[in-house]
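Participant: Sequence first, predicted coordinates after that:
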Amino acid sequence: MSNQAPVVGIVMGSDSDWPVMREAAEALREFDVPFEADVVSAHRMPHEMISYGEEAAGRGLKAVIAGAGGAAHLPGMLASVTTLPVIGVPVPLKYLDGMDSLLSIVQMPAGVPVATVAVGAARNAGLLAVRMLAAHDPELSRRMAKFQGELRDQAHAKGERLRREVAEGGRPTGFGL
Ligand SMILES: Nc1c(C(=O)O)ncn1[C@@H]1O[C@H](COP(=O)(O)O)[C@@H](O)[C@H]1O
């Protein structure tokens with residue numbers, strides 16, 4: 001990644017979320033999008049969390065990716081103090097498989113949206129942030145289109161393999177069948 005100023009903020013309630021949240025960082029790296037990553041907790045450091053949200057746009061960030069587990073209030077609270085789009089990542093913990101976090105993040109009151117991705121889907125959060133930036137960046141948009149083309153090619157290749165294995169009378173492998 002370059003030394004450019006970050007345009008996406010990745011924050012999480014605890015460093016224990018990083019094994020999940022690093023996937024968002026990886027996606028941003030793939031598209032050379034400068035980002036920052038930090039621990040910001042609504043529950044444990046509420047004043048710092050408010051400052052982070054209030055200052056984010058002024059510091060040049062264009063989107064915030066916020067991940068948290070359990071009673072995941074961080075994404076919603078950030079969304080309430082910034083005009084930036086906030087993408088919430090429900091982080092699964094030992095109990096409840098992330099359902100607690102998912103519902104805490106997705107069930108926002110009217111007027112305060114958080115774009116919630118699937119449980120543990122930090123990579124999609126990163127890709128969504130890239131799309132937001134690409135809306136105003138033709139070069140990034142071109143690279144996103146190329147990435148989507150690769151996904152399509154991979155899906156075609158999977159279909160070809162499945163059809164071939166079925167035609168040969170074998171039991172298709174690698175498809176969870
Ligand atoms: N959900 C929140 C918030 C918050 O929403 O402000 N702050 C921390 N946490 C979550 O607590 C979990 C356990 O944290 P520890 O591993 O530090 O005990 C983490 O998944 C974190 O995101």
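Facilitator: That came in fine, so what should we check first? Numbering: from 1, shown residues only.

Participant: what does the chain have sitting close to the ligand?
Facilitator: Where the chain comes near the ligand, counting by C-beta under 6 Å from any ligand atom, the residues are 12-14, 16-17, 41-44, 68-74, 91, 93. To be clear about C-beta, it is placed using only N, CA and C from the backbone, and glycine gets the same treatment.

Participant: for the residue nearest the centre of the chain, what are its contacts?
Facilitator: When the chain is reduced to its mean C-alpha position, the closest residue under C-alpha atoms, centre = their mean turns out to be Ala125, at 1.6 Å. Listed by C-beta atoms under 8 Å, 6 or more residues apart in numbering, the contact partners of Ala125 are Ala24, Ala27, Ile65, Gly67, Ile87, Gly88, Val89, Val117.

Participant: Narrow those residues to those in helices?
Facilitator: When the contacts of Ala125 are checked against helices (DSSP state H), the matches are Ala24, Ala27.

Participant: Max pairwise distance over the contacts of Ala125: which two?
Facilitator: Ala27 and Gly88 (15.6 Å; C-beta to C-beta).

Participant: Could you give the number of residues near Ser55?
Facilitator: Ser isn't right for residue 55; it's Glu. Burial of Glu55 is recorded as 12 neighbouring residues (other C-beta atoms under 10 Å).
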